[in-house]
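Based on what follows, work out the 3D shape:
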Amino acid sequence: MHNPFTPVASVSVDPRKARVHEEGWQSWSPSGAYALGDKPYRPTDDNWATVCYRPGATVPDGVFQGEGLLVLAPNGEDGPIKVFAAPEPRGSVPSIRLEIRDGHAEISADGKVDHYSYLGPGGIQGALADWADSLGLADPRPAPTVWCSWYEYFTAVTEDDIHENLRAMDTLDLPIDVVQIDDGYQKALGDWLTLSGRFRSRAGIADAIRARGRRAGIWTAPFLVDPASDLAAEHPEWLVRDEDGGFTHAGRNWGHDLRVLDTTHPEAAAYLTEVFRTLRAEGYDYFKVDFLYAGALDGVRHDPDVDALTAYRDGIRLIREAIGADAYLLGCGAPLLASIGLFDAMRVSPDTAPHRRPEADDYSQPGQDPAEFTGVGRQWQHGRLWINDPDCLMARPAVETRERWAAHIEATGGLMASSDRLLSLDEWGVATTRRLLGGDAR
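Numbering: from 1, shown residues only. Okay, here's the model as predicted:
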């Protein structure tokens with residue numbers, strides 16, 4: 001249930017120069033600055049509204065809206081900047097709206113919002129960086145360099161694919177710290193410890209990675225449950241319910257309507273702890289946890305006194321405790337402001353893709369254009385809230401505008417990850433991968 005919007009401030013604006021930064025709800029939600037005449041990016045599909053935007057937070061036409069954070073440059077980026085922000089974003093993330101009426105920006109919100117003027121340098125990005133600095137977080141740990149299986153093999157990845165690329169890293173002399181196995185090794189979402197038929201031994205492949213002097217990484221979507229999984233069949237009581245007694249709907253993906261693990265249920269929490277302790281014991285110390293928006297969806301949980309954002313944060317803390325303080329934790333598809341203080345690195349944009357334009361021109365969907373737009377808009381987060389993950393480098397010849405995409409990744413200074421079949425790289429691809437991951441370009 002969303003609260004009504006109440007007035008926060010009224011600010012005189014220059015309609016020709018003013019710009020507004022909308023901060024989206026989660027990693028994949030479009031975020032960036034717009035002129036007043038621009039049409040902000042909105043969901044073009046009901047499913048994407050659930051999976052990639054803030055569910056239930058529809059925005060009227062002609063209105064700008066930030067989730068917990070909205071910034072206005074009323075007279076352009078050279079003048080004072082107005083910051084509107086949740087006073088404690090880790091506990092409550094109100095929606096903040098801006099509507100232009102009679103030469104004024106009328107700001108309203110459905111929860112408590114602080115606002116102030118920023119007079120320093122850097123325009124909107126400078127104001128956002130100043131706000132992040134005010135949170136007083138410790139500097140994040142540097143990110144390792146990574147090879148990730150996803151953008152070449154997707155869910156069809158096999159153990160043999162990992163071995164081939166392990167050998168190629170040595171042959172091509174690539175400075176890769178972590179070899180991260182992505183989606184496809186597991187039987188189903190939720191059945192994380194049961195292998196798909198394409199992998200023989202999860203511990204065995206971790207041993208092989210470590211034997212070559214690299215670290216083993218692995219992907220999970222810890223709060224999602226496939227209704228066809230053993231977990232869903234055997235423990236329906238571990239799933240978040242809706243008000244009508246059915247299951248909370250986490251959107252549709254992989255051809256299935258997805259459900260949500262209720263980490264306020266002691267047995268579900270114990271299972272999640274077992275999953276991550278097992279993976280850690282097998283030699284994995286880099287964890288990409290994905291589709292995290294699911295853990296913050298509203299619903300009826302085992303513990304009715306725990307709200308959705310608290311359940312989400314508690315679930316991430318449970319994972320951190322299971323993997324240990326020394327393991328590296330990368331979030332993705334995560335409600336961003338609610339994630340402050342919990343992660344080493346964070347995906348700050350939609351997925352990239354071998355192509356530039358997203359499906360249906362929805363800027364939450366995979367594509368280099370949306371990944372660049374939101375990645376640039378969230379550059380202020382890098383080194384302040386976490387290490388930014390701009391998503392993976394793809395340097396193989398088949399990738400559209402690969403030079404421009406590589407330049408974007410290099411400019412962010414964030415987490416550097418390769419996601420090609422390494423033997424498919426040409427001379428430019430090898431040299432670019434080596435340079436971006438920190439080696440020389442010989």
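
When you work out contacts or count neighbours from here on, use the C-alpha atoms and nothing else.
OK.

At which residues are the strands of the stretch 101-250 of the chain located?
104-109, 114-118, 146-148, 178-181, 186-188, 191-195, 215-220, 224-225 (DSSP state E, counting those that start in this stretch).

Of all those strands, which one is nearest residue 83?
strand 114-118 (5.4 Å; C-alpha to C-alpha).

now what about that closest one, what contacts it?
Identification of contacts with strand 114-118 by C-alpha atoms under 8 Å, 6 or more residues apart in numbering yields 80-87, 127.

Note down every partner strand of it and its orientation.
According to DSSP bridges, strand 114-118 has the following sheet partners: strand 81-85 (antiparallel).

If you compare the directions of the strand it pairs with and strand 104-109, what angle comes out?
Going by axes from the mean of the first three to the mean of the last three C-alpha atoms, to 10 degrees, strand 81-85 is angled at 20 degrees with respect to strand 104-109.

so how far is strand 81-85 from its chain's centroid?
23 Å (C-alpha atoms, centre = their mean, to the nearest Å).

Name the residues of that strand that are buried.
81-85 (16 or more other C-alpha atoms under 10 Å).

now those residues in CSV, with pLDDT and distance to residue 392?
Formatted as CSV, the buried residues of strand 81-85 follow (pLDDT from 0 to 100; distance: C-alpha to C-alpha, whole Å):
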residue, pLDDT, distance to residue 392
81, 98, 33
82, 98, 34
83, 98, 31
84, 99, 32
85, 98, 30
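
can I assume residue 376 is in contact with residue 32?
Yes - in terms of C-alpha atoms under 8 Å, residue 376 counts as a neighbour of residue 32; the distance is 7.4 Å.

who does residue 289 bridge with?
Beta-bridge partners for residue 289, by DSSP bridges, are residue 220, residue 331.

In contact with it, which residues?
Here residue 289 is in contact with 219-222, 329-332 (criterion: C-alpha under 8 Å, 6+ apart).

ok, now residue 313?
338-339, 342.

how many neighbours does residue 232 have?
By other C-alpha atoms under 10 Å, 20 other residues sit near residue 232.

Equivalent analysis for residue 79, please.
So residue 79, with other C-alpha under 10 Å, has 16 neighbours.

Any regions of this structure where pLDDT drops low?
1-2, 439-442 (pLDDT under 70).

Which parts of it are helices?
Taking DSSP state H as the criterion, the chain carries its helices at 46-52, 123-133, 150-153, 159-171, 202-211, 230-234, 266-281, 308-323, 368-377, 402-412, 427-436.

What separation do you get for the residue nearest the centre of the chain and residue 64?
The chain has residue 332 as the residue nearest its centroid, 2.8 Å off, counting by C-alpha atoms, centre = their mean. In this view, residue 332 and residue 64 are 24 Å apart by C-alpha to C-alpha, to the nearest Å.

what do you get for residue 89?
For residue 89 relative to residue 64 (C-alpha to C-alpha), the value is 19 Å.

Of the two, which one has the most company?
Counted by other C-alpha under 10 Å, residue 89 and residue 64 do not tie: residue 64 has more neighbours, with 23 against 19.

Nearest spatial neighbour of the more buried one, chain-adjacent residues omitted?
Counting by C-alpha to C-alpha, 6 or more residues apart in numbering, residue 98 is the residue found nearest to residue 64 once chain neighbours are left out, at 5.0 Å.

In the sheet, which residues pair with that neighbour? Tell me.
With DSSP bridges as the rule, residue 98 is bridged to residue 64, residue 107.

wait, doesn't it sit right on residue 107?
Yes - using C-alpha under 8 Å, residue 98 is in contact with residue 107, at 4.6 Å.

quick one, which of the two is more surrounded?
A count of neighbours by other C-alpha under 10 Å puts residue 98 above the other of residue 98 and residue 107, at 26 against 22.

quick one, what contacts the more buried one?
63-65, 105-108.

Distance-wise, check the nearest residue to residue 393 once chain neighbours are set aside relative to residue 284.
Spatial nearest neighbour of residue 393, chain neighbours left out: residue 418 (4.9 Å); criterion: C-alpha to C-alpha, 6+ apart. For residue 418, the distance to residue 284 equals 19 Å [C-alpha to C-alpha].

Which of those two has more residues huddled nearby?
Remark: of residue 418 and residue 284, residue 284 carries more neighbours, 28 against 24, as counted by other C-alpha under 10 Å.

isn't the more buried one right next to residue 216, touching?
Yes - counting by C-alpha under 8 Å, residue 216 is a contact partner of residue 284 at 4.8 Å.

mind listing what residue 342 touches?
313, 316-317.

again, only using 7 Å
Taking C-alpha atoms under 7 Å, 6 or more residues apart in numbering, we find residue 342 in contact with no residue.

closest to residue 55 among the contacts of residue 289?
residue 332 (16.9 Å).

how many neighbours does the nearest residue to that closest one once chain neighbours are set aside have?
In space, and not counting its chain neighbours, residue 332 is closest to residue 290: 4.6 Å by C-alpha to C-alpha, 6+ apart. For residue 290, the neighbour count with other C-alpha under 10 Å is 21.

just residue 352 next, same as before
Neighbour tally, residue 352, other C-alpha under 10 Å: 24.

re the thing from before, now for residue 284 and residue 216: what residues contact both?
Joint contacts of residue 284 and residue 216 (C-alpha under 7 Å, 6+ apart) are residue 206.

if I look at the residue sitting furthest away from the middle of the chain, how far off is residue 13?
Using C-alpha atoms, centre = their mean, the residue of the chain lying farthest from its centre is residue 102. It sits 37.5 Å away. Look at residue 102 and residue 13: by C-alpha to C-alpha, they are 10 Å apart.

quick one on the thing from earlier: now the contacts of strand 114-118 as JSON lines including distance to residue 134?
Output for these, formatted as JSON lines (distance: C-alpha to C-alpha, whole Å):
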{"residue": "80", "distance to residue 134": "18"}
{"residue": "81", "distance to residue 134": "16"}
{"residue": "82", "distance to residue 134": "15"}
{"residue": "83", "distance to residue 134": "12"}
{"residue": "84", "distance to residue 134": "14"}
{"residue": "85", "distance to residue 134": "12"}
{"residue": "86", "distance to residue 134": "13"}
{"residue": "87", "distance to residue 134": "11"}
{"residue": "127", "distance to residue 134": "11"}
